[in-house]
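Engineer: Test case, fold it:
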Amino acid sequence: MTEDFDVDPVDKALALWGLQNASARFVAGRENRVYRVEDASGTYALRLRRPGYRGADELASELHWLFAMADAGLNVPEPQKSLTGALMEPLGERHVDLLEWLSGKPLGQSRDPLELDDSVATFRDLGRMMAKLHNACDAWQRPSWFKRCHWNLDGFLGEAPLWGRFWENSTLDVETRTLLVEFREKATADLAAVQEGLDYGLVHGDLVRENVMVDGDQLSMIDFDDGGFGFRLFDVATALIKNLGEPNFPDLQAALIGGYREYRPLDDRHLPLFMGLRAVTYVGWIVPRMEEEGSPARNIRFINTARDLCGAYLNKTA
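Structural biologist: As a prediction, the model looks like this:
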């Protein structure tokens with residue numbers, strides 16, 4: 001039996017995996033509608049993918065990517081095959097999939113202080129896990145049809161960035177808009193000048209606190225929805241940016257980078273650039289979501305962070 005959510009064909013979706021008698025509880029609903037599913041065979045995450053956000057080939061690529069990473073020994077949710085043997089099924093205007101439900105709790109919640117027994121040790125482990133992910137991605141022989149987004153120069157700063165034209169956020173005051181336009185121009189030139197020498201490949205793309213699960217001394221990664229090809233420093237910046245307010249942030253940053261370097265080289269000289277790039281993506285991302293609950297306050301936070309990081313970058317590189 002499922003909870004009564006008229007907007008979602010949960011029962012029909014579960015039947016595709018032979019889980020008609022499983023219980024389902026709604027847990028998240030932004031890019032995808034996600035349900036926690038439980039029955040005698042195990043616990044799973046049922047995802048009803050947001051129509052139009054990703055093409056079928058991109059969704060299939062994500063699932064094969066996850067399957068390969070799980071096979072490589074990384075702690076990621078393993079896709080489950082439907083009754084037809086597929087990793088994904090069409091259902092009306094949506095596609096649906098079923099993933100292994102990983103145990104543990106999120107590393108933290110945005111805006112709340114971290115509550116970890118040893119935050120420095122945890123961030124060192126996070127750096128190690130990130131490096132192992134990048135190593136496994138480079139070692140994987142992708143299928144020829146594999147398709148994911150590109151967090152590259154155009155994806156960040158072009159005329160149609162992946163997460164929107166941040167400099168056109170209608171809530172920006174004149175001073176902040178001018179600063180972000182200046183940052184866009186400077187960052188475009190700087191990234192173009194150094195990009196050939198930067199580590200580039202598949203990245204998770206969204207390793208924020210909520211997408212890192214902690215279960216004892218084990219970490220795992222969930223939600224590869226925004227994963228694709230990108231600079232490896234982008235993953236580093238994403239893991240760090242929501243922790244800028246932590247009193248021991250310098251120690252957390254040093255631990256994450258140190259842990260990463262135990263398994264993979266990392267040139268972090270351009271990390272301030274990627275912190276600014278990560279910050280402005282959120283200013284664009286929020287624009288079509290401004291009517292969602294909590295978005296106005298979230299928008300203000302995103303703009304403040306972008307103003308601080310982009311302003312600091314411009315001052316440092318002047």
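
Engineer: okay, CA-based contacts and neighbour counts for the rest of this
Structural biologist: Will do.

Engineer: And the helix or strand of the chain with the lowest mean pLDDT, how far out from the chain middle?
Structural biologist: Here the helix or strand of the chain ranked lowest by mean pLDDT, DSSP states H and E is strand 23-29, holding a mean of 90. Put simply, strand 23-29 sits 20 Å off its chain's centre (CA atoms, centre = their mean, to the nearest Å).

Engineer: How many residues are close by residue 173?
Structural biologist: Neighbourhood size, residue 173 [other CA atoms under 10 Å]: 9.

Engineer: same deal with residue 108?
Structural biologist: Residues contacting residue 108 under the criterion other CA under 10 Å number 20.

Engineer: Roughly how far does it sit from residue 119?
Structural biologist: 11 Å (CA to CA, to the nearest Å).

Engineer: got it, and residue 252?
Structural biologist: To residue 119, residue 252 is 7 Å away according to CA to CA.

Engineer: residues contacting residue 167?
Structural biologist: Counting by CA atoms under 8 Å, 6 or more residues apart in numbering, residue 167 makes contact with 177, 180, 181, 283, 284.

Engineer: Could you say which helix or strand holds the closest residue to residue 282 other than its chain neighbours?
Structural biologist: Distances taken as CA to CA, 6 or more residues apart in numbering put residue 302 closest to residue 282, at 6.0 Å, once the chain neighbours are dropped. Assessed by DSSP states H and E, residue 302 sits inside helix 295-317.

Engineer: what's in contact with that helix?
Structural biologist: In this structure, residues lying in contact with helix 295-317 by CA under 8 Å, 6+ apart are 172, 176, 179-180, 183, 186, 272-273, 275-276, 279-280, 282-283, 286, 289-290.

Engineer: What of stretch 193-205?
Structural biologist: 134, 137-138, 224, 226-235, 238, 267.

Engineer: and residue 230, bridged to which residues?
Structural biologist: For residue 230, the beta-bridge partners are residue 151, residue 201 (DSSP bridges).

Engineer: Need the per-residue pLDDT for the closest residue to residue 205 other than its chain neighbours.
Structural biologist: Sequence neighbours aside, residue 227 is the residue nearest to residue 205 in space, at 4.6 Å (criterion: CA to CA, 6+ apart). The model reports residue 227 with a pLDDT of 97.

Engineer: didn't residue 227 look like it was pressed against residue 137?
Structural biologist: No: taking CA atoms under 8 Å as the definition, residue 227 is not a contact partner of residue 137, at 11.5 Å.

Engineer: Run through the helices of this structure in chain order.
Structural biologist: Taking DSSP state H as the criterion, the chain carries its helices at 10-15, 56-71, 119-139, 153-157, 174-194, 232-241, 249-261, 271-285, 295-317.

Engineer: Dump the ones you listed into TSV; add distance to residue 37 as well.
Structural biologist: Shown next, in TSV, are the helices of the chain (distance: least, CA to CA, whole Å):
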stretch	distance to residue 37
helix 10-15	9
helix 56-71	18
helix 119-139	27
helix 153-157	35
helix 174-194	43
helix 232-241	28
helix 249-261	33
helix 271-285	29
helix 295-317	28
